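Trainee: no FASTA, just this:
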């Protein structure tokens with residue numbers, strides 16, 4: 001008998017993954033955590049029944065949330081990750097030798113421990129000496145910290161329940177206040193295609209544009225997420241992601257990446273007309 005993991009909260013369609021084995025299932029203080037060994041797609045992490053990471057394609061999401069800002073900022077020494085409990089975003093940031101320290105603020109300690117144990121391709125970077133992990137609410141951390149960052153990456157889950165505040169104007173304002181004068185913030189901003197999740201996108205961009213002088217959307221293909229198209233916001237106090245692309249450092253680093261490259265860095269900001277209309281950008 002075949003066993004399938006089903007993500008069907010999209011109302012009119014769903015995602016199906018054929019499962020070889022359930023590796024972990026449990027309830028933390030915040031959510032249900034599951035890890036599966038899939039057929040031919042590697043290990044899959046699900047939180048409250050929603051796919052968070054699948055080894056088959058997680059590189060596209062994690063490379064794009066990290067390398068676009070890191071190869072725009074000329075001197076990204078200090079990085080803050082809010083969320084990112086699966087470790088993939090930290091893994092990509094830590095590939096940059098120029099980065100001196102990474103603070104990761106994750107609310108759910110069990111997500112970190114489960115990923116570390118069951119998905120080492122993501123979790124093995126948690127022991128990197130440049131990485132400091134704080135188990136606490138990212139909203140409160142950003143509000144109270146006195147540290148300033150070159151780059152902030154918001155790697156939270158969907159805007160429901162506990163994570164709603166990560167998409168609010170108040171939170172974005174607090175993030176801006178702890179960015180240095182030339183800082184960059186990138187946030188995952190859902191999918192403009194999915195029939196359920198797309199309703200959140202216009203409001204997210206209204207909030208971002210009301211706080212930052214420059215906010216642009218960019219896109220990536222993430223096959224295991226609803227619709228397969230995912231969006232990120234690039235919000236900056238100073239830098240333009242195209243004009244300020246750090247070509248020399250990108251070529252010198254010569255990182256072994258699967259999705260991101262110099263052409264993708266620029267082309268990902270080209271948006272389809274329906275997406276431009278959704279966030280009120282001129283065609």
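Mentor: Great, that's in hand. Since the structure is predicted, the reported quantities are computational estimates derived from the model, not experimental observations. Numbering: from 1, shown residues only.
Trainee: what's the spacing between residue 243 and residue 281?
Mentor: Residue 243 sits 18 Å away from residue 281, going by CB to CB, to the nearest Å. Placement of C-beta: from N, CA and C, glycine included.
Trainee: So between these two, which is more surrounded?
Mentor: Neighbours were counted for residue 243 and for residue 281 using other CB atoms under 10 Å; residue 281 has more, 15 against 7.
Trainee: how close does that one sit to residue 61?
Mentor: Plainly put, residue 281 is 23 Å away from residue 61 if you go by CB to CB.
Trainee: Kindly report the same for residue 26.
Mentor: On the measure of CB to CB, residue 26 and residue 61 end up 24 Å apart.
Trainee: for residue 77, same thing?
Mentor: Counting by CB to CB - residue 77 and residue 61 are separated by 24 Å.
Trainee: more crowded one of the two?
Mentor: Taking other CB under 10 Å, residue 77 and residue 61 do not tie; residue 61 has more neighbours (26 against 14).
Trainee: Correct me if wrong: that one contacts residue 224.
Mentor: No - Residue 61 is beyond contact range of residue 224, at 9.0 Å (criterion: CB atoms under 8 Å).
Trainee: Overlap of the contact sets of the two?
Mentor: Here residue 61 and residue 224 have no joint contacts, going by CB atoms under 8 Å, 6 or more residues apart in numbering.
Trainee: where along the stretch 1-150 of the chain do the strands fall?
Mentor: 3-7, 15-27, 32-38, 43-47, 50-54, 78-83, 101-106, 131-135, 149-155 (DSSP state E, counting those that start in this stretch).
Trainee: what angle do the fifth one and strand 78-83 make?
Mentor: Angle between the axes of strand 50-54 and strand 78-83 is 140 degrees (criterion: axes from the mean of the first three to the mean of the last three CA atoms, to 10 degrees).
Trainee: Same question for the first one.
Mentor: Using the same axes, to 10 degrees, the interaxial angle of strand 3-7 with respect to strand 78-83 works out to 110 degrees.
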